[in-house]
Each structure stands twice: as C-alpha cells, then as structure tokens.
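Participant: Fold the following, please.
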Amino acid sequence: MAANSQCEGLPEEVATSKIFVVGAGGIGCEILKDLLVAGFRDISVIDLDTIECSNLNRQFLFRTEHVGMSKAKVAATSALRYAPCFPPRKVEVKPFHASIMDPTFDVDFIKQFRLVISPPGQRSLLLTKTFADARSHVNRLCLATNTPMIDCGTRGRIGQVTVSLKAKTECYDCLPRPAEQHYASCTIRNTPSQPIHCIVWAKFLFNQLFGLADDSEDVSPEEADATTTATAADSRLAPSLAFHSNFPTGHELSKQMTDSANAADLKMQQWSSKLRQTFRKYATIANYDPKRILERLFVNDIQYLHGLENCWINRLRPDVIDIGNQLATRWADWLDREEKPWNLLQCIAVAVDSLKNLKKRLDALGDDACLTWDKVRQHCTPHLLFVTSSNPKDDDVAVDFITAFTNLRSHVFHLPILSRFEISSLAGKIVPAVATANAVIAGLATMKAIELLKGEKIEISAVYLGMSSCGATLNGQLVCPPNEKCLACSPFPRAFLKVNLSTFTIYELEQKVLLKEMKMRSPDVYFVSPSGASQILSSEPGELDGLLGIELGQLSKDNFPAEMKEKTLKQCGIGHGSRITCKDFDLDYSAELLVLNSEDTESSYYLLERYDKVVENEEEPPAKKGRMEEVVSVPISC
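Facilitator: Model (predicted):
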C-alpha cells in the first residue's frame, strides 16, 4: 500500500521519464528494483555480461535457473515484479544484451533519455580496457547530448554516487584519475616492501602455474648482480641449487670458482640460467607436488636471494619457511577466515589445498587449456580455452590461492599479513562485492534521479559511502563547477602536446593521444599552415586519398598502413607552436592542441597537459593548480 501511494505521489512527467541504466550487475540490479518501486515506468538497461553462479549471492534478480543467460534480459523481466503500478499502468523495462561501445548506442540513441545512470559491470563495456575508459565514454555521450548522468560504484564496503550536469558540475573527466600502478620486476621478485608487491607476485604465480604464462611475470628471483661475491655465492647459493638436478655441490663449485673471477661469473650465469627455467616447466616436472612447489618458492628461492648481498644492506633478510614441519596442518573452513588474517599454518594448509584443486581443474581441460580468474584477460584471448565453472566455490579457490601465497611471501619478507577480504580487494580484478553497499549506493542514486527529474536544485553533487571507527558514514560533496581545463566538458578544450616532432608519428597521435588519452571515438585532425588548411587524419576511409596518398580512420595496429606508421608530425608540416584542431563528429566534440617540440625526448614520449588560455611561444606548460573541495560529513548507522 505504501508503495502504491509512493507511486501515486511521483509526478507523471517524472514517472514517465525515460531512464537508461548502464550495467545490470550488483548495483544495476538494485537500481532497477529501486526505480520501479519509486514509480518509474520507462527504463532501458544494457549489459553484455551473462549470469554466473558467483553472481547469485549479491545480484538478487537472478536465480540458479538463470545461469548462462543474459543479465540485461533476465534483470528486465525479474525487476518487473517490483513495480507497484503494474499492470494497471504500462511499465516497460527494455533490455539490450550488448556493449555500450557498440556504434548503435551513439549520440542519437542517448538523446531519447532524460537521465543516464552508469554503474558499469565488469563486462558491460568489454570493448574498453578499463572501467575509467568505460565511464569516460558514457560521460562523453552525456555531454554531447546534454543529458544528466549519475555515476555510481562500490568497492567492498565503500562506494560513491556522483551527479554530472553539463556546464553546472564537474564531469567524470574533470578530475585526474589515479594512474595504473606498475611495479619493477626486480622489486616484485627480489625485494618486496609492501603487501601489494606480494599480491602482484601471487597473481603472477597463478598465471605461471595455471594460466597464460608470460615471461615478464616470472616469479623466480632476478639474476645476481655483478657485485655479488663468490664467497656469498658458494655459501648461500649452493643449498638452493642443490635442489635442482645436475647442479654442482657447494664444495665442487667452490673449487671451480677459485680458478678465476671470470670462471666465477660464468658459473653464476649458468646457475641463473638453470634457476630461471619457467616456473610452469618446473611445476610440470615436479608433477605439481605442493611440497616441492612450496619448498622451491619459500626455501630454495629465498636461499638464493640470501646470496644477493647488496639487496640486504639496509633491509632485513627474508626468512626461510620450514615447510616440512608445517604440512601436517589440514585445511579447515574456520568462521573468521574472511575478516581476520590467517596464521602461518592456515596459509600453508590453504595453499596446499588450493594447489590440488586448481591442478584437478587444469587436468580436466587438456593440454592447451588455461585457468583464469581475470574475466578481462579471458575476453582478450578468445583463441585459448578457459574454464567457466558452474561451481560458485571455484572463484573462492582462486581467491584462496592468491591470499595464501600472498601472506606466505609477506611472512618471509616481514610484511604485514592481510585478511582474505583485504587481499581480494587490493588484487584489483578480484573485487569483493558487498550486497549492503550496493543497496545503499543504488538507493542514493535513485534519490538523486528523483531530485534531478523534479527539477530540484542540486546542492550536493557527490555522496561517498565510507567506513570509520563509528561505523558507516556518508560524506556529501557540495557542487563544484566544471574544471576550466577539462578536455571533456570545457566549452573550448585546449591542451599542450609536447613531443619530438621528428620521431612522433601520425599513428601515435591517433592511438596514444586522441583515442587513449582524449577518449575520442572517430577523430579527424585539421592543421592550419601558412600555405592553408589541411586535414592530416580522417575517420572516413579514403577521404585523404590524393592528400597523403593513404586511407585512415578506425584502423588497428595490425592493419594501419606501414607508410603511415613512419610518417612523423614534422613530415606533415607541423612545427613548434603549431595548433591542430581535433574533431569527433560522433561525439559532437572538438579540441585544440598546441604542439611543442622537444628534440631531447624519446620517439614515443608525449606530454599532454590542459591549459586555460592560448599561450604564445610557450615553452613549458603552466603549473597545475589545485582546487579546494567542500565536504559535508553525515554519519549513518548500519
């Protein structure tokens, strides 16, 4: 009855407003339900993903019988039962089993909606490389059509809801996003100093043992440096190398190394060569025996690292784990295994158990198969056979593996031991989902949708769900005006482009700057020279025939013309201080780049920095200035 009265209280023009929801995952399901309960009657939802067993514990519109079916289609049907005005009034939830990056969902498509709510799921925008790229694309579509956008997301127990209004609030691209973290291989393999280093190492180990092995993701220690002494090598390396077949004993090696320093260096290289066999090959030879794998990783490899004297001048040496005396512990599904850090015995027990279970899954697939917990990687390598199991606990096994080996390595290197929940969150692509957080964020997004469509003044443009010592909190951010330097929503987007004009090519301009950094879709580039205006890049194949003699536009790295890969900006007539205009007619977007030459930079290096005004003969971009943000904290209880 209360729901019906609420439906009656929603203005007709609001109730009939067309809403577009991007994603039917954990938050998307909650949003669909909340919108219908609130009284909205015309909703469209898009998602490319299909339902898996692991979704059922937090995506409550799905049931066991829906596994393998389209999320968008099932969510649209299941959500209708929450509509309080159905069937007396027509209620429609229209599903699209597709990617928002599909050309079908262009500016003309978005124009039909009064509001876009974007809680993108893991594969709802599969053609993009990251969630940031996906949300940025939706942001550009909304800016091009002047459509209000509500962006929302969660990560564990935290989340956010952000309202974007063209020319009134910050858009998604107004603030810089944190760059993707990259870690030096020597740090990951030799001297981890943070728990995240151990997490990356554990992910590499998973791929080496069961997944798509990559030489750059080797988990074996880096080779010894040139300053490692022969004495250290003899005393510390021999125990580790004795584990491998055909290695000389420490006594034999010591005699060989006394012949000359060169002989010692040569032997060190031979050791490293044998030690650096791929870990997948070693595990296969060892028949994936858990004891041998654990001893290799946490005894022999650590003893090898002890020989790298220079690594331990200002840090603690890693500890060797006594694997033999710890293997008697059996795995148990203890009640607090998710929230509390595991002890050493528990980590070893889970490591052994997960190794056995994952090996069974790998054996069941055949020689050419791979296991993966990374859906993005699975999509990007369709030529390989990956497993999608119907058992929801299979995902738990992968997370158990990462958690156990992360904490074992953290123990070895005297680093903090983290809980399973913390590790799965930091692992990046294994993102823990909390149903209550999804529900809170979806409710806030629905409230913001009603405010916007009623025409109420938006005073708080962003709400953040966080955790503190007092429990859950909601932090509201007052409306911030658009960033004048934003390349997405500024009325006149302008930026510096600092490159080596003699080496930076048109292909790099399109792929690295226009598509990757500026998030354009179908770029056209125009250049005004003393001799007149010319177009140097076109999104229409054949349009530049007779000008540059080649066809451009929508080209991948593989089929991009070889002659164009070598054509530099300088060869196109662009010089220091030149201005080029970049247009994207699909997104109704235009930007100006002021090109600055830097002869001392590498060929592929570029610097793209936004600026407010056109600066004549500017050698360096102006310094960035920070902005103060007002935040209002409103504690809530959960």
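Participant: shaky segments in the stretch 1-150 of the chain?
Facilitator: In the prediction, the stretch 1-150 of the chain carries residues with pLDDT under 70 at positions 1-9, 54, 85-89, 120-133.
Participant: Try it again at 50.
Facilitator: 1-7, 122-130 (pLDDT under 50).
Participant: quick one, strands of it?
Facilitator: 18-22, 42-46, 92-96, 115-118, 149-155 (DSSP state E, counting those that start in this stretch).
Participant: who touches the nearest residue to Phe504 once chain neighbours are set aside in this structure?
Facilitator: Sequence neighbours aside, Leu569 is the residue nearest to Phe504 in space, at 5.4 Å (criterion: C-beta to C-beta, 6 or more residues apart in numbering). In this view, the C-beta of every residue, glycine as well, is placed from N, C-alpha and C. Listed by C-beta atoms under 8 Å, 6 or more residues apart in numbering, the contact set of Leu569 reads 499, 501, 504-506, 509, 595.
Participant: Out of the strands of the stretch 1-150 of the chain, indicate the one that is most buried.
Facilitator: Compared across the strands of the stretch 1-150 of the chain, strand 115-118 shows the largest average neighbour count, a mean of 26 (mean count of other C-beta atoms under 10 Å).
Participant: what about dumping the CA coordinates of that one to CSV?
Facilitator: In CSV, the C-alpha atoms belonging to strand 115-118 read as follows (Å, rounded to 0.1, in the frame of the first residue of the first chain):
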residue,chain,number,x,y,z
LEU,A,115,18.7,10.6,-17.5
VAL,A,116,21.6,8.1,-17.6
ILE,A,117,22.6,6.1,-14.6
SER,A,118,26.0,4.4,-15.0
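Participant: Touching it from outside, list them.
Facilitator: By C-beta under 8 Å, 6+ apart, strand 115-118 touches 17-23, 31, 110, 135, 138, 141-142, 147-152, 445, 449, 452-453.
Participant: try it again with 6 Å
Facilitator: 19-22, 31, 138, 142, 147-151, 445, 449 (C-beta atoms under 6 Å, 6 or more residues apart in numbering).
Participant: Any chance of those residues in a markdown table with distance to Glu484 as columns?
Facilitator: Output for the contacts of strand 115-118, formatted as a markdown table (distance: C-beta to C-beta, whole Å):
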| residue | distance to Glu484 |
| --- | --- |
| Ile19 | 31 |
| Phe20 | 29 |
| Val21 | 31 |
| Val22 | 28 |
| Ile31 | 32 |
| Val138 | 22 |
| Cys142 | 19 |
| Thr147 | 22 |
| Pro148 | 21 |
| Met149 | 20 |
| Ile150 | 23 |
| Asp151 | 21 |
| Ala445 | 28 |
| Ala449 | 28 |
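Participant: With respect to Asn310, which of those residues is nearest?
Facilitator: When the contacts of strand 115-118 are ranked by distance to Asn310 (C-beta to C-beta), Asp151 comes first, at 47.8 Å.
Participant: The closest one contacts Thr162, correct?
Facilitator: Yes. Between Asp151 and Thr162 there is a contact under C-beta atoms under 6 Å: 4.7 Å.
Participant: now the strands of the stretch 1-150 of the chain in a markdown table, with distance to Gly366?
Facilitator: Converted to a markdown table, these look like this (distance: least, C-beta to C-beta, whole Å):
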| stretch | distance to Gly366 |
| --- | --- |
| strand 18-22 | 37 |
| strand 42-46 | 35 |
| strand 92-96 | 36 |
| strand 115-118 | 40 |
| strand 149-155 | 36 |
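Participant: So for Gly575, which of the ones you listed sits nearest?
Facilitator: It is, among these and with distance given as C-beta to C-beta, strand 149-155, at 39.3 Å.
Participant: Past the closest one, which element shows up next along the chain?
Facilitator: strand 158-164 (DSSP states H and E).
Participant: Give me the sheet partners of that following strand and which way each runs.
Facilitator: Applying DSSP bridges, strand 158-164 is found paired with strand 149-155 (antiparallel), strand 460-468 (antiparallel).
Participant: So what's the model's average confidence on that strand?
Facilitator: Mean pLDDT, strand 158-164: 91.
Participant: Using CSV, write out the CA atom coordinates for that strand.
Facilitator: Taking C-alpha atoms only, strand 158-164 is exported to CSV below (Å, rounded to 0.1, in the frame of the first residue of the first chain):
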residue,chain,number,x,y,z
ILE,A,158,32.8,1.8,0.2
GLY,A,159,31.2,3.5,-2.7
GLN,A,160,30.1,6.7,-4.4
VAL,A,161,27.3,8.4,-6.3
THR,A,162,28.2,11.4,-8.4
VAL,A,163,25.8,13.7,-10.4
SER,A,164,27.2,15.3,-13.6
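Participant: list the helices and strands the next helix or strand after that strand packs on?
Facilitator: Next helix or strand after strand 158-164 toward the C-terminus (DSSP H and E): helix 185-189. The contact analysis (3 or more C-beta pairs under 6 Å, 6 or more residues apart in numbering; DSSP states H and E) places helix 185-189 against helix 195-209.
Participant: Need the residues that contact the helix it packs on.
Facilitator: 183, 187-188, 192, 213, 217, 219, 279-280, 283, 402, 405-406, 409-410, 415-416, 418, 426-427.
Participant: same check, this time on stretch 401-421
Facilitator: 192, 195, 198-199, 201-202, 205, 298, 316, 318-319, 338-341, 344, 347, 350-351, 354, 423, 427, 432.
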